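Asker: Quick one, structure for this:
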Amino acid sequence: MLRNTAAAITTFVAVFFVVPTLTLLLPASLTDHFVQYLPSNLGGVLTGGSSGLAHALAPWTGFGVLCGYTAVLIGIAAWRLRRVDA
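Answerer: Residues are numbered from 1 along each chain as shown. Here you go, the predicted structure:
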């Protein structure tokens with residue numbers, strides 16, 4: 001989706017390393033419901049760990065959410081490919 005390599009790497013680092021760290025600044029009531037849907041925590045749930053989450057998702061639920069993220073990103077990439085490269 002991103003044609004610039006630096007932008008793609010920056011987005012990856014932000015999603016997997018910066019956003020989870022910034023969620024520690026949020027109130028606990030909001031963090032308990034938001035953090036379980038981050039991609040890094042969903043991957044941890046799939047491998048059998050809960051990463052110390054208060055309300056971790058079940059492994060199959062986490063897999064479904066990751067598949068949903070993938071479907072949305074592929075849809076956006078396909079739309080961008082048809083729109084920009086047409």
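
Asker: Report the contact partners of the residue nearest the centre of the chain.
Answerer: By CA atoms, centre = their mean, the chain has its centre lying nearest to P39, at 3.1 Å. Counting by CB atoms under 8 Å, 6 or more residues apart in numbering, P39 touches V15, F16, L66, Y69. (C-beta placed from N, C-alpha, C; glycine too.)

Asker: In PyMOL, select just the buried ones from the residues you listed.
Answerer: Buried members of those, defined by 16 or more other CB atoms under 10 Å, are picked up in PyMOL with:
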select buried, resi 66
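
Asker: Now do the same for the longest helix along the chain: mean pLDDT, whole number.
Answerer: The longest helix of the chain (DSSP state H) is helix 59-84. Taken as a whole, helix 59-84 carries a mean pLDDT of 91.

Asker: which parts of that helix are buried?
Answerer: So, applying 16+ other CB under 10 Å, buried residues of helix 59-84: G62, V65, L66.

Asker: In terms of secondary structure, what does it contact?
Answerer: helix 39-46 (3 or more CB pairs under 8 Å, 6 or more residues apart in numbering; DSSP states H and E).

Asker: Cheers, nothing more for now.
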